[in-house]
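In: Output the structure for:
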Amino acid sequence: MSTRDFELINHAYRARALTNFDWLDHGFGTRHFQPPESLATLRQIHSDIIVYAGRDGCWAEGDALLSDTAGLWVGVKTADCLPILLVDARHRAVAAAHAGWRGAVSGIARKTVAAMAARWNTRPEDLLAAIGPGIGPCCFEVGPEVAVQFGEPAQRTRIDLPDAVRRQLLTAGLDPTRIETAGLCTACLAGEFHSYRRDREKAGRMISFIGV
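Out: Down below sits the predicted model:
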């Protein structure tokens, strides 16, 4: 998939495949986006912890949120890490996950699919996934201690984080035609996105959200 599969509406990128559901709202916010008021978030800790969202606000630690509550959006904050949105169309259930390199190595995308299966009996064929803007392989150079955790040689190299997450979703059983990737590098596109690698402590955060 490519950026042709995403469109920018009101300062948030929308995956075209997800806009086909009239009961679903979602978006990958740019630096100019104002998130929904009824939003559940987490204190993100670069983990594989997955939480069911019972109410709005920031009230737990973890890096993925599940919801099937109408009128409640779940969201993750990013500034180079990847936001991942998942939709179970059969059960009208959703998930938002945050994947930096630690989250990717710990299998957060695959484990979020498994958590949806445990809660709602979600099947891989029920799922659509969208991987939003994040740091691209053009800018994500890592040291040997990180490279080896992605199965790369112990040397400085560039990691394709979106591809690593996509491969996890494929391993979880998703059809490749049901996974969309924005292909937008947050480090390159300073006018649209915050980037921790580019701006360090001065970097803000974008909100990506999804809800029934």
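In: use CA for all of it now, contacts and neighbours both
Out: Fine.
In: start to end distance for stretch 141-156?
Out: 7 Å (Cα to Cα, to the nearest Å).
In: List the buried residues of it.
Out: Neighbour-count burial for stretch 141-156, with 16 or more other Cα atoms under 10 Å as criterion, is recorded at 141, 146, 147.
In: Likewise for stretch 168-176?
Out: 168, 169, 170, 172, 174, 175.
In: try stretch 77-92
Out: 77-89, 92.
In: what's near enough to touch the spatially closest residue to residue 11 that is not a sequence neighbour?
Out: Among residues not flanking residue 11 along the chain, residue 33 sits closest, at 5.0 Å (Cα to Cα, 6 or more residues apart in numbering). Residues counted as contacts of residue 33 (Cα atoms under 8 Å, 6 or more residues apart in numbering) are 10, 11, 12, 206, 207.
In: Filter those residues down to the ones in strands?
Out: For the contacts of residue 33, membership in strands holds for 12, 206, 207, with DSSP state E as the criterion.
In: Mind putting those into TSV with distance to residue 113, pLDDT and neighbour count?
Out: Output for the ones in strands among the contacts of residue 33, formatted as TSV (distance: Cα to Cα, whole Å; pLDDT from 0 to 100; neighbours: other Cα atoms under 10 Å):
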residue	distance to residue 113	pLDDT	neighbour count
12	24	98	24
206	23	98	27
207	21	98	23
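In: Take these and lay them out in CSV including distance to residue 49.
Out: Below are the ones in strands among the contacts of residue 33 laid out as CSV (distance: Cα to Cα, whole Å):
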residue, distance to residue 49
12, 26
206, 21
207, 19
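In: Now flag whichever of those residues is closest to residue 98.
Out: Relative to residue 98, the closest of these is residue 207; by Cα to Cα it sits at 10.5 Å.
In: coming back round to it: dump the buried residues of stretch 168-176 to a markdown table, plus pLDDT.
Out: Converted to a markdown table, the buried residues of stretch 168-176 look like this (pLDDT from 0 to 100):
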| residue | pLDDT |
| --- | --- |
| 168 | 97 |
| 169 | 98 |
| 170 | 98 |
| 172 | 98 |
| 174 | 98 |
| 175 | 97 |
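In: shaky segments in the protein?
Out: For the chain, applying pLDDT under 70 flags the ranges 1-3.
In: let's see 80
Out: Along the chain, segments meeting pLDDT under 80 span 1-4.
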